[in-house]
Structures are given as C-alpha cells and as structure tokens.
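Colleague: can you look at this prediction? I've put the sequence above it.
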2 protein chains.
Amino acid sequence: MNIHHKKKAAILKALAHPIRFCIVEGLMAGEQNVAAMVECTKVPQPTVSQHLNILKAAGVLSGERVGNQILYMVCNEDAKNVVSSLR
Amino acid sequence: MNIHHKKKAAILKALAHPIRFCIVEGLMAGEQNVAAMVECTKVPQPTVSQHLNILKAAGVLSGERVGNQILYMVCNEDAKNVVSSLR
DNA sequence: TTAGTATATATTAATATACGAATATACGAA
DNA sequence: TTCGTATATTCGTATATTAATATATACTAA
C-alpha cells in the first residue's frame, strides 16, 4: 500500500455516497447550479452544500460564481473516468 | 437520486479505502491468497481479513478454498472497471 | 438602503467505520 | 489425534460520517 493507493482511494471516497455520486453524474453532462442539484437529489439545500464541500475538498469539483449563483463542474479526470466506468 | 446511485455508491464505498483498493488492484492481475495481501499491504492479517469481509459483502470479491488456503478473485465487473479507470 | 434569491456555515445527535489485541476455526501432514 | 499453518471472528475504543435544523453570507434588483 502506498501513496498511489491513498490518493485513488480518496477520490473514490468522495464519490462513494449516493448523493455525491448523483451530483457528479449530473455534472458530467455540463455545469449546474446548486438549485439543480437540490431538484435532482431531492435533499435539502444545506445537505447538498455539505456534500459539495466534500467534493470540492477532494478536488473533484470546482465552482464559478456567475451573478448570484455558482456553477459547478467536474474538474478531476480520475473522477470523470470513474463515473464513466459505472454507466 | 435513485437505486442506481445507491448501488454504484456502495461499490465505490467498498473500494474507497487504501487497503481495500490495494487488495483489489493486486487481484486484478490474478487470484491471490491472504498471505500475499498481508505482504502487499503491510498490515496485520486480521486487518486484511476484515477488509476482505467488507469486499465480499459488497459483492466485489469471491473466495475459493484450495486446500489450506483461500484464493480470492474480483468477481464484479463494475469494480474491475473502476480500478482500471484509475491506472 | 431594503427585499428577495442563492448558497454556505455551525451545531448537534445518531450512526458507522477503523484498527489493534486476543482468540477461534479450518485444513493438511504426521 | 496432535501440530503447524492459513484464515476468520470478536471485542474495545477511537475517530469519522451523516443529515437535520437553524442561521449566516453574497449577490441582484428596486
């Protein structure tokens, strides 16, 4: 077990929750604001926000403010590959 | 968020630990006994055994006893795809 | 400035996970 | 049956995760 395993496991850990997987899968088709994720996941906005924090901290997502909303996108190739591999 | 997300997240969760990722990656090349995993991961045998249980419960691995030892192999296509996508 | 919308943070309680130590079980050989 | 090797289980404790509620912040428009 080495640093490689730790890094890859950390990405998997970020994706290994139904809500977060749903969020990232939704973002694979293009960037979205938080309201779209609330609609898609059916969980309260603060819950989505907490999961977004986890995904951001893992380097899976990045967000860009546009006016009064924030658009998120997947910025990690490993994460994209993982989600794609689970179609 | 639906059953699909839960199933995929469950597989990711099983893989989302450095020791378990290391074990599964090691098994991608062919079946192995527990001693080989202990050697590869550098963690105590009971710890490997506990992680093997988690992987078996998630349907990622299956084991076959051959005499004195048990040979494990990856039996889940999703898991194989995930690990392959993280090379 | 105020009001309204979008998003983030803090707190808390319940639950789950991790891992070491000790022990138990399964099998083959003698 | 006994011994030695391979693997599994149990238990205790520390730590992490989850999700709900309440509250706060950032921005736009009027």
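Modeller: Good, I have the coordinates.

Colleague: and the residue of chain A that's closest to DNA strand D?
Modeller: residue A:46 (3.5 Å; CB to the nearest atom of the strand). Using the backbone N, CA and C atoms, a C-beta is placed for each residue, glycine as well.

Colleague: tell me which element that residue is part of?
Modeller: Assignment of secondary structure by DSSP states H and E places residue A:46 within helix A:45-57.

Colleague: stretch A:36-55 near chain B anywhere?
Modeller: Yes: taking CB under 8 Å from any CB of the partner chain as the criterion, stretch A:36-55 and chain B are in contact, through A:40, A:41, A:42, A:43.

Colleague: could I get these as a markdown table with pLDDT and secondary structure?
Modeller: Putting the residues of stretch A:36-55 next to chain B into a markdown table (pLDDT from 0 to 100; DSSP: H, G, I helix; E, B strand; the rest coil) gives the following:
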| residue | pLDDT | secondary structure |
| --- | --- | --- |
| A:40 | 94 | helix |
| A:41 | 95 | helix |
| A:42 | 95 | coil |
| A:43 | 96 | coil |
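
Colleague: filter those residues down to the buried ones and express that as a PyMOL selection.
Modeller: Selecting only the buried entries of those in PyMOL, with 16 or more other CB atoms under 10 Å in any protein chain shown as the criterion:
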select buried, chain A and resi 40+41+43
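
Colleague: any idea how far residue B:3 is from the residue nearest the centre of chain A?
Modeller: Relative to the mean C-alpha position of chain A, the nearest C-alpha, by CA atoms, centre = their mean, is the one of residue A:24, at 4.0 Å. Counting by CB to CB, to the nearest Å, the gap between residue A:24 and residue B:3 amounts to 17 Å.

Colleague: check residue A:75 too.
Modeller: As judged by CB to CB, residue A:75 and residue B:3 stand 28 Å apart.
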